[in-house]
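> A predicted structure for the sequence below; I have some questions about it.
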Number of protein chains: 4
Amino acid sequence: MSGSIFGKMFRISTFGESHGEALGVVVDGCPSNISITLEDIMKNMDRRKPGNAKIGTSRNEADLVEILSGTFEGKTTGTPIALLIRNTNQRSGDYSKIKDIYRPSHADYTFDQKYGFRDYRGGGRSSGRETAARVAAGSIAKLFLKELGIHVTAYTRSIGSIAVTDEAFSFKEISENPVSMPSNETANKALALIAKARENKDSIGGTVECVVTGLKPGIGETVFDKLDATLAYAIMGIGGVKAFEVGEGIHASKMYGSDYNDAFCIQNGKISKRTNHSGGILGGMSDGSDIFIKAHFKPTPSIASPQNTVTTQLEETTIEILGRHDPVIVPRAVVVVESMVAIALADLILCDLGSNLETIKRLYHQ
Amino acid sequence: MSGSIFGKMFRISTFGESHGEALGVVVDGCPSNISITLEDIMKNMDRRKPGNAKIGTSRNEADLVEILSGTFEGKTTGTPIALLIRNTNQRSGDYSKIKDIYRPSHADYTFDQKYGFRDYRGGGRSSGRETAARVAAGSIAKLFLKELGIHVTAYTRSIGSIAVTDEAFSFKEISENPVSMPSNETANKALALIAKARENKDSIGGTVECVVTGLKPGIGETVFDKLDATLAYAIMGIGGVKAFEVGEGIHASKMYGSDYNDAFCIQNGKISKRTNHSGGILGGMSDGSDIFIKAHFKPTPSIASPQNTVTTQLEETTIEILGRHDPVIVPRAVVVVESMVAIALADLILCDLGSNLETIKRLYHQ
Amino acid sequence: MSGSIFGKMFRISTFGESHGEALGVVVDGCPSNISITLEDIMKNMDRRKPGNAKIGTSRNEADLVEILSGTFEGKTTGTPIALLIRNTNQRSGDYSKIKDIYRPSHADYTFDQKYGFRDYRGGGRSSGRETAARVAAGSIAKLFLKELGIHVTAYTRSIGSIAVTDEAFSFKEISENPVSMPSNETANKALALIAKARENKDSIGGTVECVVTGLKPGIGETVFDKLDATLAYAIMGIGGVKAFEVGEGIHASKMYGSDYNDAFCIQNGKISKRTNHSGGILGGMSDGSDIFIKAHFKPTPSIASPQNTVTTQLEETTIEILGRHDPVIVPRAVVVVESMVAIALADLILCDLGSNLETIKRLYHQ
Amino acid sequence: MSGSIFGKMFRISTFGESHGEALGVVVDGCPSNISITLEDIMKNMDRRKPGNAKIGTSRNEADLVEILSGTFEGKTTGTPIALLIRNTNQRSGDYSKIKDIYRPSHADYTFDQKYGFRDYRGGGRSSGRETAARVAAGSIAKLFLKELGIHVTAYTRSIGSIAVTDEAFSFKEISENPVSMPSNETANKALALIAKARENKDSIGGTVECVVTGLKPGIGETVFDKLDATLAYAIMGIGGVKAFEVGEGIHASKMYGSDYNDAFCIQNGKISKRTNHSGGILGGMSDGSDIFIKAHFKPTPSIASPQNTVTTQLEETTIEILGRHDPVIVPRAVVVVESMVAIALADLILCDLGSNLETIKRLYHQ
């Protein structure tokens, strides 16, 4: 298996299984001279943790990150930054009963088909735990983007059919509720829905939205490596994502050109758009408006109610997946989406503007 | 600008602008010993042509392909296959009036911001005409997949709000109507909608669906280079696509796990799934069921009704885009979606199974 | 077979066989706004031509290049530049007798082993004719480097045992003799040696040296993608090269540190080196001195005297390779070496400084 | 800085500085089901250690490797293998006096020019210590190759002017002397030379030769990614290498075709070559004979005798580099050359034969 390296110039190489010794990531290509502290990273790691007993898994994952290389006197040096996260809580015993069974909606069967081999102690490399490394790397990418005045913010737009309306939307409330919704009121409804799902030994899907501000026009390549194509690749590479939208997304397919097209105008002496149906991307390049994308997640595959399935010996059977499982993955996936967007943007910016921070800053603001 | 090369092992490198000398593509990494004829390619090129005066542009594009290299005695040799398409109908005069104006929803403004330079004779490299090279390359990829028993079929699922229902769905009708819909009856409604849009000097969006049959389990990588991530990257790299779905897609975010999860079962002694909400992909790898993906297109940006916009000199103005423009891009995009899916699959298969055709065939069917 | 694409940001994709329809190259990633004329390219193509009946093949290769895309009003646009060279002189009849025989020191046997297939009409993809595409692409790279004040110059250092001494060395004489040696006197001796080899139905090897001036310090990456590693990869990828040296090269292995180490000094207020044993590269990065590399070529494999060999049917036999073959490849390889060095440098510079010409220029000269 | 990732399918990503927390490597793309023990790795690590006070640095580097991921029950799983080596002996105090001085023949000056920043505690990322990670990764590559019957063996061919002659050559003596020479007698002479150099506060260069047995014909790509080009890229990426040769190497440039060309013959019913001037590579592909390559190293840059140099403040000065430095790097570089050759071969084989071990084995031996 290859496929654990992402990016061309800002490249991350992740490793680690859910029940192995450790997880981690090497970030190759980060410019030198970016201030970085462990707190910057841990702040993001904490957002990925199960923060609330009502919604998260009860598995306790400290996810302490150790910086192994690539920084000196509090700044990046331009050399590879290796980040290590020890697994401290592998209870392999929990998993022995699924050794010979393919769990529905999991990667067990396909992994076995590909490698003729499966780490039955859990999802192994296909576990959601792998995203811890992405969040660590994403922290670095976000610090780089911050130097350019670019900010990436993700939040939960909906859980099941409970969605935050534009009217209820409040940026500041995102951090005030355990599901990272930009509306405390909607969050309460979502929490009730999640509680119900848990009670029913069931799980539920949801949608993460991500906004990028401060991106100057012209980032992204015109043909295959379009900004939206690169973001789609980054986002659909997160486990459980079944759809990706930019701007009007699916709705665009039902619209007339006269409604959809964003009129250009002059604002404060600069070119701007009156509307943003495009979601900030035209012809695969950023158009100067905010970027809006959505990642739609399927329900958590592990549920405690009985499901029909098969054994590795080709016999039909049923399974009830007990243990520490989130009834919804979306609130914890918010920071993962944010991280992958930041990593993809950092890569495209380096491809365009080179690898020197001072230079990039100057170019960026000229 | 880099970004005109797609793939790791089956790599295509496209070139050409809408009003330049020629377009084309070099396919590097195609296995040797695949039978190939010019007819195989032209059959696909013809599907991209404006086939019907009612819906297509009246620009006449012959799109004759010349095979420059990589074949010998009717078979691929394993060396790069170069395919050339001359531009025969560049009427640059048509475009002079848009030289100093940024057309809404086009790449004019972002291209200028990126390169400080614009080929004002049309979309240049951002023109839909660039997809001709993808269709030529996709023909090669489809011939390779055919050797393995894999078939890729795309069709128009909806135009505006006119969608083919599951009840009306008929595979054989796809080729019987000018909009490539799997329902002649729905196609007629869509044609009426398109005619109305044209009459109103407007355009309309739509959705292409693509099905892959015959793909064995285990194709795709588990982390970043997931099958769905790679397909999303390939599809969102087509101009005008604003959303990508696999399987249940967006709907998955509203579902409960107990409804969504596909139960495994044994059919004819082999592992199968009772339902296919996953769209044939689990954990980023093919699961043996048919692959289902959707590409949602925005309305054609060029419309004849007046639009507010700006000039390159930062003055506000209006524009009416006359000339040869499709009121809907979707029917011609069907074969483009099919091509990109085929190219992405060919690449992932070579990454997994190596580059020798006989070997791949044997592995594939063991 | 993949492997016909070179580079990360300045990427070239070559195609074409010696006896097919055409050869060519697509250059993806060249910055916009570089002035380019067909003459710039043809000037290099002509240097690769067999210029002199005494040394070159008598096969007449016009090698007319057609620019298919990527330029507008005499300048590069930033989009892929496709260059096409038609094969005008394929006399397949010449080659029928070698159809079933593996020529010694050629790629016939290894190609067959790899692909199970061979274009017996000549070297096919392994023919030296493939380098025509590299020279065309190299012309673009050299124009880009020229904008930065970087100049790449190659010449023949030796043919067989006839080498240009440092004393005899004269830059201006390189273009005054048919073997591109920096000494007309040595060139005459070399021509006599070549004539003798031809008379003896034999061939001879030789060495090309290449100098790069104007490269600022810091180009090249510190670990795997060192400047010298990238140049070695580029040069050893030319058919027939058996050794690569930078600076003192092999001789360095016999030296003491006190002799080898280049002392730093201050010259005109800038850091300089008193000697240049390093060949302009320290720690994989350019050090501001001129770059010196050498490419050592084996003798041309095709010779008219009888050789022992085998048939594809595993029978021993002998072969005399008649026809249009150079007794020495080195003089025609000079411009190929120059081209590959230029392409490799362009790529490393873009990786470092981004893709915008004005920006690169400013950075480069700050 | 990017450039710390090597390979396309078998990809290694190294990290770590000489005086940081740790060094390590992530191997992405290693096939599953290869038996691996810590001993296999440590055996190679020990060969890189300064084994003998007479020749090596007196710095004590334990170089204990920890396997963090990618193995399960003693076998590779196909997921990324992360290997960690803690730095246990960073005495930063030793290095404070070189903080403001550019050491001749080191990367200090070029690194500063590139990054505007230098880890003055030693070579940082440019230190020879970085090769520890390559040796760890190379151990994995060698285990993979061993499964196919391919063996990679490197040894010291010469130190200064003391070279092992073909007559004195004895494979079994390589492991019997501290300089890894295939002749104990020559090794003794080399040790005397090294002792003398140390006494003179000087250093000396040397040459490593590497042989690959068991490689079947057809590995390597015909154009840019030739086997020899890939090996040259891998070897020239090792610090201090100034020249690379394959087969006859430089000598080929002085030979006549009639002497150089290897005649094909039939041996035991199979195609073979009577001689091996090619060094096992024809047209960029392995030809079935043993591969022979040479890496020529410059003398160790750090010497205790006084050298002229400059400060970062552009003042001329002199420096005597005391401390723990090898007078010759070659004996410790033997296993580094071996490792890079193995990694490059593993990558080319995966590109050709895919990523499944059983399949590769079957293909390999068919």
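Alright, I've got the coordinates.
> CA only for contacts and neighbour counts going forward, please
Will do.
> Give me the three-state assignment for residue A:244.
strand (DSSP: H, G, I helix; E, B strand; the rest coil).
> Show me what it bridges to in the sheet.
residue A:295, residue B:244 (DSSP bridges).
> can you pull the contacts of it?
Contacts for residue A:244 (CA atoms under 8 Å, 6 or more residues apart in numbering or on different chains) come out as A:232, A:235, A:236, A:293, A:294, A:295, A:296, B:243, B:244, B:245.
> Cross-check the contact I'm expecting between the first one and residue B:235.
No. With the criterion set as CA atoms under 8 Å, residue A:232 and residue B:235 do not qualify as a contacting pair; they are 9.1 Å apart.
> picking up where we left off before, out of the contacts of residue A:244, which is nearest to chain C?
Using CA to the nearest CA, residue A:232 comes nearest to chain C of the contacts of residue A:244, at 21.6 Å.
> measure residue A:74 to residue A:133 for me?
Noted for residue A:74: a distance of 21 Å to residue A:133, by CA to CA, to the nearest Å.
> More neighbours: which of those two?
When neighbours are counted by other CA atoms under 10 Å in any protein chain shown, residue A:74 and residue A:133 differ, and residue A:133 comes out ahead with 26 against 13.
> mind checking which helix or strand the more buried one is in?
helix A:131-147 (DSSP states H and E).
> what packs against that helix?
Where contact means 3 or more CA pairs under 8 Å, 6 or more residues apart in numbering or on different chains; DSSP states H and E, helix A:131-147 is packed against strand A:11-15, strand A:22-28, helix A:38-48, strand A:81-86, strand A:151-159, helix A:330-353.
> can you tell me which residues contact residue A:87?
Residues in contact with residue A:87 (CA under 8 Å, 6+ apart) are A:18, A:19, A:20, A:21, A:22, A:23, A:61, A:63.
> Could you identify which of those has the most neighbours?
Counting by other CA under 10 Å, top hit in the contacts of residue A:87: residue A:23 with 27 neighbours.
> How about that residue, nearest residue that isn't a chain neighbour?
Setting aside the residues directly before and after it, residue A:23 is nearest to residue A:16 in space (CA to CA, 6 or more residues apart in numbering or on different chains), at 4.0 Å.
> Mind picking out the helix or strand in chain A with the poorest mean pLDDT?
When each helix and strand of chain A is scored by mean pLDDT, DSSP states H and E, helix A:357-365 comes last, with a mean of 76.
> In that helix, which residues are buried?
Buried residues in helix A:357-365, counted by 16 or more other CA atoms under 10 Å in any protein chain shown: A:357, A:359, A:360.
> any chance of the residues you listed in TSV, plus distance to residue D:226?
Formatted as TSV, the buried residues of helix A:357-365 follow (distance: CA to CA, whole Å):
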residue	distance to residue D:226
A:357	36
A:359	36
A:360	36
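> can you list contacts of the least confident helix or strand of chain A?
Residues outside helix A:357-365 that contact it (CA under 8 Å, 6+ apart): A:31, A:32, A:33, A:34, A:147, A:148, A:216, A:353, A:354, C:359, C:363.
> what's near enough to touch the third one?
Taking CA under 8 Å, 6+ apart, we find residue A:33 in contact with A:75, A:76, A:77, A:78, A:357, D:117.
> and the gap between it and residue A:161?
Using CA to CA, residue A:33 is found at 45 Å from residue A:161.
> Any idea how many residues pack against residue A:167?
By other CA under 10 Å, the residues close to residue A:167 number 7.
> Let me know whether residue A:258 touches residue B:203 as I believe.
Yes. Judged on CA under 8 Å, residue A:258 makes contact with residue B:203 at a distance of 7.3 Å.
> got a list of what the residue of the stretch 251-366 of chain A found nearest chain C touches?
Chain C sits closest to residue A:354 of the stretch 251-366 of chain A, with a gap of 3.6 Å, by CA to the nearest CA. By CA under 8 Å, 6+ apart, the contact list for residue A:354 reads A:360, C:350, C:351, C:352, C:353, C:354, C:355.
> give me that answer again for 10 Å
Contacts for residue A:354 (CA atoms under 10 Å, 6 or more residues apart in numbering or on different chains) come out as A:9, A:31, A:347-348, A:360, A:363, C:349-356, C:359-360, D:1.
> Mind listing the shared neighbours of residue A:232 and residue B:235?
Listed as contacting both residue A:232 and residue B:235 by CA under 10 Å, 6+ apart are B:229, B:243, B:244.
> Make sure residue A:234 is actually in contact with residue B:236.
No. Assessed by CA atoms under 10 Å, residue A:234 is found out of contact with residue B:236, at 11.7 Å.
> Which neighbours do the two have in common?
In contact with both residue A:234 and residue B:236: A:228, B:230, using CA under 10 Å, 6+ apart.
> For those two, work out which one has more neighbours and name it.
Neighbour tally, residue A:234 and residue B:236, criterion other CA under 10 Å: the higher count belongs to residue B:236, 33 against 27.
> Quick check: the more buried one touching residue B:298?
No. With contact defined as CA under 10 Å, residue B:236 does not count as touching residue B:298 (11.9 Å).
> intersection of neighbour lists for the two?
Common neighbours of residue B:236 and residue B:298, using CA under 10 Å, 6+ apart, are B:242, B:243.
> isn't residue A:79 right up against residue A:11?
No. In this structure residue A:79 lies outside contact range of residue A:11 using CA under 10 Å: 11.8 Å.
> more crowded one of these two?
residue A:79 (29 against 25).
> Looking at residue A:232 and residue B:235, which one has more neighbours?
Ranked by neighbour count (other CA under 10 Å), residue A:232 and residue B:235 place residue A:232 first, with 33 against 30.
> Provide a PyMOL selection command restricted to the buried entries of the contacts of residue A:354.
Burial among the contacts of residue A:354 is assessed by 16+ other CA under 10 Å; the matching PyMOL selection reads:
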select buried, (chain A and resi 9+31+347+348+360) or (chain C and resi 349+350+351+352+353+354+355+356+359+360) or (chain D and resi 1)
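> circling back: quick check: pLDDT value at the residue nearest to residue A:23.
With respect to pLDDT, residue A:16 scores 94.
> try the one 3 residues further on
Residue-level confidence at residue A:19 comes out at 81, pLDDT.
> Would you confirm that it contacts residue D:71?
No. Residue A:19 lies out of contact with residue D:71 (CA under 10 Å); the separation is 11.1 Å.
> circling back to that earlier point, please enumerate the shared neighbours of residue A:258 and residue B:203.
Taking CA under 10 Å, 6+ apart as the criterion, residue A:258 and residue B:203 both touch B:197, B:299, B:300, B:301, B:302, B:303, B:304, B:305.
> and the closest residue to the second one other than its chain neighbours, how many neighbours does it have?
Yep, that's residue B:299 we're talking about. Once flanking residues are discounted, residue B:299 sits nearest to residue B:205: 3.8 Å by CA to CA, 6+ apart. Neighbour count for residue B:205, taken as other CA under 10 Å: 30.
> show me the contacts for residue B:205.
Going by CA under 10 Å, 6+ apart, residue B:205 touches A:250-257, A:260, B:158-161, B:194, B:240-241, B:296-301, B:327-330.
> Restricted to helices, list those.
Judged by DSSP state H, helices contain the following of those: A:257, A:260, B:194, B:330.
> top of the residues you listed by neighbour count?
residue B:330 (32 neighbours).
> Can you give me the pLDDT of that residue?
97.
> shouldn't it be in contact with residue B:298?
Yes. The criterion here is CA under 10 Å, and residue B:330 meets it with residue B:298 at 9.0 Å.
> Mind listing the shared neighbours of these two?
Common neighbours of residue B:330 and residue B:298, counting by CA under 10 Å, 6+ apart, are A:253, B:204, B:205, B:206, B:207, B:240, B:241.
> out of the residues you listed, which are inside strands?
Among the shared contacts of residue B:330 and residue B:298, the members found in strands (DSSP state E) are B:206, B:207, B:241.
> with those in mind, which one is nearest to chain D?
Each of those was scored against chain D by CA to the nearest CA, and residue B:241 proved nearest at 29.8 Å.
> count of neighbours near the spatially closest residue to the closest one that is not a sequence neighbour?
Spatially, and ignoring its direct neighbours in sequence, residue B:241 is nearest to residue B:297 (4.4 Å; CA to CA, 6+ apart). Neighbourhood size, residue B:297 [other CA under 10 Å]: 32.
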